[in-house]
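Participant: need coordinates for the below:
(2 chains)
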Amino acid sequence: SQKIEQNSEALNIQEGKTATLTCNYTNYSPAYLQWYRQDPGRGPVFLLLIRENEKEKRKERLKVTFDTTLKQSLFHITASQPADSATYLCALDPRGNTGKLIFGQGTTLQVKP
Amino acid sequence: KAGVTQTPRYLIKTRGQQVTLSCSPISGHRSVSWYQQTPGQGLQFLFEYFSETQRNKGNFPGRFSGRQFSNSRSEMNVSTLELGDSALYLCASRVQGAREEKLFFGSGTQLSVL
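Facilitator: Residues are numbered from 1 along each chain as shown, chains lettered A, B, ... in the order given. Here you go, the predicted model:
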């Protein structure tokens, strides 16, 4: 069956460290994968998109990798800050370029000062 | 530019009632998608509309329906409400075009069914 999985346990790290979140998928061949951030009581906010022909993408303190052989994406936040505390969701579009995204359950990140 | 606007923000209904939720997309966005978010199931796709036509549908019963108007605004309706329909309902819009895959979400409507 098709699945998209993220670390189900919350991730607690110290301010200034690098947070690494994992997204694994099975039985999909997505052309790209997206990462969103969600704060309590709010809708998800788009962060980064990485395409199948891209190994890595960066935006300020964020970095995403995409390994289509392992069927895995890693999301890194370097020099983490308490303001980075949120739930991070990965999502893929099975058919490409539609509004139908399949989301992982999300990983909650807590950055302690 | 204003973001995606959803109304109402909160709703309390009782079982058996019906409810209509509204979504105004970002100006110029013609695609509107709806998602249901619950603690147990996470974010699940309900349907997508583009140019007043439903383009994609998720695995939800027929009690869940939607529509889109000529100005791209969208509504979703849930009839014969059940306790399990309690959730955050999120609307998302996008430009719809090559390499424009990201979604812009509203803050959602929190529906409680008693």
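Participant: return the residues of chain B in contact with chain A.
Facilitator: Residues of chain B found near chain A (C-beta under 8 Å from any C-beta of the partner chain) are B:4, B:31-33, B:35, B:42-45, B:48, B:50, B:55-56, B:58, B:90, B:92, B:94, B:98, B:101-108, B:110. Any C-beta I mention is one placed from the backbone N, CA and C, and that applies to glycine too.
Participant: please pick the buried ones from those.
Facilitator: B:4, B:31-33, B:35, B:42-45, B:48, B:50, B:55-56, B:58, B:90, B:92, B:94, B:101-108, B:110 (16 or more other C-beta atoms under 10 Å in any protein chain shown).
Participant: so what touches the least confident helix or strand in chain B by mean pLDDT?
Facilitator: When each helix and strand of chain B is scored by mean pLDDT, DSSP states H and E, strand B:53-57 comes last, with a mean of 92. For strand B:53-57, contacts defined as C-beta atoms under 8 Å, 6 or more residues apart in numbering or on different chains pick out A:98, A:99, A:100, B:31, B:33, B:45, B:46, B:47, B:48, B:49, B:66, B:68.
Participant: pipe those residues into TSV and attach secondary structure, distance to residue B:19 and pLDDT per row.
Facilitator: Shown next, in TSV, are the contacts of strand B:53-57 (DSSP: H, G, I helix; E, B strand; the rest coil; distance: C-beta to C-beta, whole Å; pLDDT from 0 to 100):
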residue	secondary structure	distance to residue B:19	pLDDT
A:98	coil	26	72
A:99	coil	22	77
A:100	coil	23	85
B:31	strand	23	92
B:33	strand	19	96
B:45	strand	19	95
B:46	strand	13	97
B:47	strand	16	94
B:48	strand	20	94
B:49	strand	18	95
B:66	strand	12	97
B:68	strand	18	97
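Participant: need these in JSON lines (columns: distance to residue B:23).
Facilitator: Shown next, in JSON lines, are the contacts of strand B:53-57 (distance: C-beta to C-beta, whole Å):
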{"residue": "A:98", "distance to residue B:23": "17"}
{"residue": "A:99", "distance to residue B:23": "12"}
{"residue": "A:100", "distance to residue B:23": "16"}
{"residue": "B:31", "distance to residue B:23": "12"}
{"residue": "B:33", "distance to residue B:23": "9"}
{"residue": "B:45", "distance to residue B:23": "15"}
{"residue": "B:46", "distance to residue B:23": "11"}
{"residue": "B:47", "distance to residue B:23": "12"}
{"residue": "B:48", "distance to residue B:23": "12"}
{"residue": "B:49", "distance to residue B:23": "10"}
{"residue": "B:66", "distance to residue B:23": "9"}
{"residue": "B:68", "distance to residue B:23": "9"}
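Participant: re earlier: so of the buried ones among the residues of chain B next to chain A, which ones are in strands?
Facilitator: B:31-33, B:35, B:42-45, B:48, B:50, B:55-56, B:90, B:92, B:94, B:104-105, B:110 (DSSP state E).
Participant: residue in chain A nearest to chain B?
Facilitator: residue A:43 (3.1 Å; C-beta to the nearest C-beta).
Participant: not counting its neighbours along the chain, what's nearest that residue?
Facilitator: residue B:105 (3.1 Å; C-beta to C-beta, 6 or more residues apart in numbering or on different chains).
Participant: my read: the one you found touches residue A:45, true?
Facilitator: Yes: with contact defined as C-beta atoms under 8 Å, residue B:105 counts as touching residue A:45 (7.1 Å).
Participant: just want the angle from the least confident helix or strand of chain B to strand B:42-50.
Facilitator: 150 degrees (axes from the mean of the first three to the mean of the last three C-alpha atoms, to 10 degrees).
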